[in-house]
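**Q** sequence-free structure coming up:
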């Protein structure tokens, strides 16, 4: 193969100096002689025979010279992969983790970042574990746009932390469109070495809504199912709450901003029952309503893996669960994670 190289006058002088130097490294002289031979028109085979080198050597240094000229003839060592986790390397890993990977990926993996930084992926894993970094996970949040957020939040949290004497506080909401799903194939039960298995296909028997009122003092739940969640159903449920409390007792109800909770029929009900007080949570602040925690519990315990042969079967199983739960109800421990922080941005710790 012939690969003629054209040299400038300065390049030829520098290569000739290197080729005849008695003080430079021998490898530098070999590279210089190779390029001078190719510049004189010799083929690769002729040049490799005269300086006793392989065709790979010719190809590598010819390419390096074509890309970088004289500067490409200097040896470059890639170095060793870092094996000691220094503070500087730790800082590099942390900084790189905070930036988006090249190539369109949305997050790093330990191996991907290790290859990018030329370090061991286990070293990346140690740094991530030390600082609690989990690029593969994402959490979602919803910021309230309610201009009266603080006022409403203080009102509701005040009912939790310092409820009025001789009054009941209920967190009320509806879990809508609960599906009565029935499996086409039988459920294969749990057995040693094998998890419970459900068939992929199912029947849809319809849906219903579940109204629930969580008593913040006792943890008991008053529940009612309905085919639809309308203003009339909400008023009927408020009536159930009143009936189930001692006559004349003050009742505080915490609810969200659903339009069905603010209709004329609801206002008429409140006028007829002056001891019932409705408190609306700020928009996009369902975390302030304790009944949402209980809804999560019934979702896990009954709904998510339930098999329901009909809407009536779904209703029966939901109400059975509520009756069983009320035998040993549990309240929510509600506290500020950091009371010194601003209420609109602070974390609130909750849990049964």
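**A** Structure's in. What do you need? Keep in mind it's a predicted model, so treat the numbers as computed, not measured. Residues are numbered from 1 along each chain as shown.

**Q** quick one: residue 318 and residue 298 touch, right?
**A** Yes - assessed by C-beta atoms under 8 Å, residue 318 is found in contact with residue 298 at 7.2 Å. C-beta: built from backbone N, CA, C; applies to glycine.

**Q** More neighbours: those two, which one.
**A** residue 318 (23 against 20; other C-beta atoms under 10 Å).

**Q** Next, the more buried one: secondary structure please.
**A** Using DSSP: H, G, I helix; E, B strand; the rest coil, the three-state assignment for residue 318 comes out as helix.

**Q** Distance-wise, check the residue nearest to it when sequence neighbours are not counted relative to residue 155.
**A** Distance criterion C-beta to C-beta, 6 or more residues apart in numbering; nearest residue to residue 318, sequence neighbours excluded, is residue 210 at 5.8 Å. Distance of residue 210 to residue 155, given as C-beta to C-beta, to the nearest Å: 26 Å.

**Q** Who has more neighbours out of these two?
**A** Neighbour tally, residue 210 and residue 155, criterion other C-beta under 10 Å: the higher count belongs to residue 210, 22 against 17.

**Q** Wasn't the more buried one part of a strand?
**A** Yes - when three-state DSSP is applied, residue 210 is found to be in a strand.

**Q** which residues pair with it across the strands?
**A** residue 175, residue 225 (DSSP bridges).

**Q** one step back: any shared contact partners between residue 318 and residue 298?
**A** Common contacts of residue 318 and residue 298 (C-beta atoms under 8 Å, 6 or more residues apart in numbering): residue 210.

**Q** Check what pLDDT the residue nearest to residue 318 gets.
**A** Note on residue 210: pLDDT of 94.

**Q** what do you get for residue 38?
**A** In this model, residue 38 carries a pLDDT of 78.

**Q** do residue 337 as well
**A** 64.

**Q** again, but for residue 281
**A** Residue 281 is given a pLDDT of 91.

**Q** pretty sure it is touching residue 254, no?
**A** Yes - counting by C-beta under 8 Å, residue 254 is a contact partner of residue 281 at 6.4 Å.

**Q** Give me the common contacts of those two.
**A** The contact sets of residue 281 and residue 254 overlap at 156, 288-289 (C-beta under 8 Å, 6+ apart).

**Q** Closest one of those residues to residue 137?
**A** residue 288 (24.9 Å; C-beta to C-beta).

**Q** Touching, the closest one and residue 280? I think so.
**A** No - taking C-beta under 8 Å as the definition, residue 288 is not a contact partner of residue 280, at 10.2 Å.

**Q** Between the two, which has more neighbouring residues?
**A** Per other C-beta under 10 Å, whichever of residue 288 and residue 280 has more neighbours is residue 288, with 23 against 19.

**Q** quick one: the closest residue to residue 149 other than its chain neighbours and residue 154, what's the gap?
**A** Among residues not flanking residue 149 along the chain, residue 282 sits closest, at 4.4 Å (C-beta to C-beta, 6+ apart). Residue 282 is 10 Å from residue 154, where distance means C-beta to C-beta.

**Q** Residue 175 too?
**A** 27 Å.

**Q** Give me the more crowded residue out of those two.
**A** More crowded of residue 175 and residue 154, by other C-beta under 10 Å: residue 175, with 22 against 11.

**Q** Help me confirm that that one comes into contact with residue 212.
**A** Yes - counting by C-beta under 8 Å, residue 212 is a contact partner of residue 175 at 7.0 Å.

**Q** Determine the residues that are contacts of both of the two.
**A** Counting by C-beta under 8 Å, 6+ apart, the residues touching both residue 175 and residue 212 are residue 295.

**Q** quick one, helices of the chain?
**A** Secondary structure of the chain by DSSP state H: the helices cover 9-20, 26-39, 44-50, 55-68, 87-97, 110-117, 121-131, 149-161, 231-243, 264-272, 291-298, 311-325.
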